[in-house]
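K.L.:
For reference, the sequence and a predicted model appear below.
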Amino acid sequence: MRMYPAGPLLLPHESSQECFVGGYRIPRGTMLLVNLWAIQNDPKIWGEPEKFRPERFQGLEVNRDGFKLMPFGSGRRGCPGEGLATRVVGLTLASVIQAFEWERIGEAMVDMTEGTGLTMPKAKALQARCLPRQAMVDLLSKI
Ligand code: HEM
């Protein structure tokens, strides 16, 4: 699995003063687009970015590790919903795993091909089979 930033390009930012990035002079007032997809898929920054290795994020501080991971952007125009989003995403994922057993619909691995857009959709929608876990059925039948 590649590393997929939910938003592959940050919103446009403007340089408030002249600066140098990777040897390039950026004049003051330049409109800048940060390509998060390129950063997250750069093998010089992330070893084997195409591999599913969630442990690579353990102990990593978003925005504080050389800006190599900034899914919510950075600075004054960074995402104000970051706190809400990180809580809701974790809670939702944990809830669907706790309540259901998940399976692929066949032998084939899930097709992770990327689609195009301002956010990063899957080219093919996920199809999966889910069954309520017995513990959850028992629990909910008591309510
Ligand atoms: C997983 C969920 C989310 C992701 C990955 C995400 C990501 C981002 C990114 C990358 C930016 C651009 C930051 C920049 O250019 O530096 C942004 C901006 C923004 N996000 Fe989010 N976001 C998420 C959820 C939310 C939520 C839940 C809210 C509101 C409740 C929200 C509200 C905003 C707003 C208002 C901006 C514009 C900020 C500005 O222009 O000053 N986002 N988000």
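P.N.:
Okay, I see it.
K.L.:
what's the span of stretch 119-131, first residue to last?
P.N.:
Start and end residues of stretch 119-131 are separated by 29 Å (C-alpha to C-alpha, to the nearest Å).
K.L.:
Now it: buried residues?
P.N.:
For stretch 119-131, the buried set under the neighbour-count rule, 16 or more other C-beta atoms under 10 Å, comprises M120. (Glycine included, C-beta is placed from N, CA and C.)
K.L.:
residues making contact with that stretch?
P.N.:
The contact list for stretch 119-131 (C-beta atoms under 8 Å, 6 or more residues apart in numbering) reads 4-8, 37, 96, 100-105, 110-115.
K.L.:
outside of the helix or strand harbouring L84, which residues touch it?
P.N.:
L84 is part of helix 82-99 when elements are defined by DSSP states H and E. For helix 82-99, contacts defined as C-beta under 8 Å, 6+ apart pick out 72, 79, 102, 130, 132-133, 136.
K.L.:
The helix or strand immediately after that helix in the chain packs against which elements?
P.N.:
Using DSSP H and E, the next helix or strand after helix 82-99 towards the C-terminus is strand 100-104. When contacts are defined as 3 or more C-beta pairs under 8 Å, 6 or more residues apart in numbering; DSSP states H and E, strand 100-104 sits against strand 128-132.
K.L.:
strands paired with the strand it packs on, and their directions?
P.N.:
strand 100-104 (antiparallel) (DSSP bridges).
K.L.:
Report the distance from the partner strand to the chain centre.
P.N.:
22 Å (C-alpha atoms, centre = their mean, to the nearest Å).
K.L.:
Go back to the contacts of helix 82-99 and keep what's next to the ligand.
P.N.:
72, 79 (C-beta under 6 Å from any ligand atom).
K.L.:
Going along the chain, name the helices of this protein.
P.N.:
Counting by DSSP state H, one finds helices in the chain at the ranges 36-40, 82-99, 134-141.
K.L.:
just the ones you listed: most buried one?
P.N.:
For the helices of the chain, ranked by mean neighbour count under the definition mean count of other C-beta atoms under 10 Å, the leader is helix 36-40 at a mean of 18.
K.L.:
residues in contact with it?
P.N.:
Outside helix 36-40, the residues touching it (C-beta under 8 Å, 6+ apart) are 3-5, 7-10, 45-46, 49, 67-71, 120.
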